[in-house]
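Colleague: quick one, structure for this:
(chains A and B)
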Amino acid sequence: DTGVSQDPRHKITKRGQNVTFRCDPISEHNRLYWYRQTLGQGPEFLTYFQNEAQLEKSRLLSDRFSAERPKGSFSTLEIQRTEQGDSAMYLCASSLEGIGSGANQPQHFGDGTRLSIL
Amino acid sequence: GNSVTQMEGPVTLSEEAFLTINCTYTATGYPSLFWYVQYPGEGLQLLLKATKADDKGSNKGFEATYRKETTSFHLEKGSVQVSDSAVYFCALRKPGSNYKLTFGKGTLLTVNP
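Modeller: Here you go, the predicted structure:
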């Protein structure tokens, strides 16, 4: 168990640029989640995947945001035409859910990608 | 909708003091309840959890009891250490769902030697 890995740890970019973050979940985990955390707040749910299928998207995920999880392994979160309000920590989490794994399995979080928009 | 309310921080204690961080929730049915801890520059780590009423979660000297009658899940520790300094988040997962977590705003704890 190497934990959830996120890359990069920090990203500084100019307003209007596109950015892409990557998340590598714990290898056997079939669920993957993205959250956004702004300063002084708790994480807010953005979206989640069951294997390669994106099953829910929050209203926070505007049209400028897109997330993918090809082949049900790593995931990417892209933000197009970044705005000042996109500055936040983007957290990825994963869990193993399904028959045999038991109910209410906890989500394991990565260290996050901190995005700063200049 | 579902929501979590935590006591306002920051909380500053001396080493070996008793800690309580209050957490109350609003949800229909019986959500699962969690405490996560976030150390500076790191992601969230699960501290403890409870999945039904009267369950007590415990880990590393921390405890929290799921109180349905008061819709609360207060975090306690009998003797805090400097290494416990971190931000603590209370969270719920709504009944019938096994994905989305709803978090409180977090409580910053600072423990002085």
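
Colleague: residue A:91 versus residue A:24, what's the distance?
Modeller: 14 Å (Cβ to Cβ, to the nearest Å). C-beta: built from backbone N, CA, C; applies to glycine.

Colleague: find the residues that touch each one of those two.
Modeller: Counting by Cβ atoms under 8 Å, 6 or more residues apart in numbering or on different chains, the shared contacts of residue A:24 and residue A:91 are residue A:6.

Colleague: which one's more surrounded, those two?
Modeller: residue A:91 (25 against 18; other Cβ atoms under 10 Å in any protein chain shown).

Colleague: just give the strands next to the helix or strand where that one lies in its sheet, each with its orientation.
Modeller: For residue A:91, the enclosing helix or strand under DSSP states H and E is strand A:88-95. Within its sheet, and counting by DSSP bridges, strand A:88-95 is paired with strand A:31-37 (antiparallel), strand A:108-109 (antiparallel), strand A:113-117 (antiparallel).

Colleague: what residues sit buried inside the helix-or-strand element of chain A with minimal mean pLDDT?
Modeller: None of the helices or strands of chain A scores lower by mean pLDDT, DSSP states H and E than strand A:53-57, at a mean of 90. The neighbour-count check on strand A:53-57 (16 or more other Cβ atoms under 10 Å in any protein chain shown) flags A:54, A:57 as buried.

Colleague: enumerate the residues of chain A near chain B.
Modeller: With Cβ under 8 Å from any Cβ of the partner chain as the criterion, chain A meets chain B at residues A:4, A:6, A:31, A:33, A:35, A:40-45, A:48, A:55-56, A:91, A:93, A:97, A:103-112.

Colleague: and the closest residue to residue B:3 other than its chain neighbours, how many neighbours?
Modeller: Take residue B:3 and drop its neighbours on the chain: the residue closest to it by Cβ to Cβ, 6 or more residues apart in numbering or on different chains is residue B:26, 4.7 Å away. Residue B:26 has 13 neighbours, counted by other Cβ under 10 Å.

Colleague: ok, residue B:26 - contacts?
Modeller: Per Cβ under 8 Å, 6+ apart, neighbours of residue B:26: B:1-5, B:71.

Colleague: if we go to 7 Å?
Modeller: Contact analysis of residue B:26 by Cβ atoms under 7 Å, 6 or more residues apart in numbering or on different chains lists B:2-3, B:71.

Colleague: just the buried residues of those.
Modeller: For those, buried by 16+ other Cβ under 10 Å: B:2, B:71.
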